[in-house]
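Q: Need a 3D model of the sequence below.
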Amino acid sequence: MGHDIYGINKAGAEIAYARFSMGNYNATILYRLLEAEMFYAGVSGSGGSTTFTVEQIEKALRTYYTLYKKDVSQLNNDSIGWDQKQILIFIKNCLATAQKEGRVRVYFG
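A: Coordinates of the predicted model:
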């Protein structure tokens with residue numbers, strides 16, 4: 001069991017992926033940043049999906065930076081933990097797709 005969260009473009013291709021073991025509390029951070037707590041099912045995601053707008057993903061990114069007080073130049077810095085990097089990369093990939101296509105779909109498995 002675990003959380004497998006996918007960002008999906010309009011064509012149905014995976015554009016972002018985040019994986020958390022069932023006991024990893026960092027999964028809840030990504031759910032909260034996306035304001036998608038309803039898809040959190042404890043040891044995994046609910047299996048549901050939803051569509052996010054550019055504005056929603058931008059808000060998630062702003063909240064991430066507020067939470068971690070990090071900027072883009074520190075992305076590869078060893079002081080950022082693996083899960084923090086994974087969350088940031090996931091959100092940035094979703095944002096790039098949403099900016100290009102107007103929206104991005106996220107599946108919470």
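Q: okay, CA-based contacts and neighbour counts for the rest of this
A: OK.
Q: what ranges do the strands span in the protein?
A: Along the chain, the stretches classed as strands by DSSP state E are 2-8, 14-21, 49-53, 103-108.
Q: Which strands or helices does the second one pack on?
A: Which is strand 14-21. strand 2-8, helix 82-101 (3 or more C-alpha pairs under 8 Å, 6 or more residues apart in numbering; DSSP states H and E).
Q: now the strands of the chain in CSV, with mean neighbour count and mean pLDDT?
A: Formatted as CSV, those follow (neighbours: other C-alpha atoms under 10 Å; pLDDT from 0 to 100):
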stretch, mean neighbour count, mean pLDDT
strand 2-8, 22, 97
strand 14-21, 18, 97
strand 49-53, 16, 98
strand 103-108, 22, 98
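Q: wait, which of the ones you listed is closest to Asp83?
A: strand 14-21 (8.2 Å; C-alpha to C-alpha).
Q: quick one, that closest one and helix 82-101 angle?
A: Between strand 14-21 and helix 82-101, the angle formed by their directions is 160 degrees, by axes from the mean of the first three to the mean of the last three C-alpha atoms, to 10 degrees.
Q: Distance check, Lys59 against Thr53.
A: 10 Å (C-alpha to C-alpha, to the nearest Å).
Q: burial of the residue nearest to Tyr40 when sequence neighbours are not counted, as a residue count?
A: Spatial nearest neighbour of Tyr40, chain neighbours left out: Ser46 (5.9 Å); criterion: C-alpha to C-alpha, 6 or more residues apart in numbering. Neighbourhood size, Ser46 [other C-alpha atoms under 10 Å]: 16.
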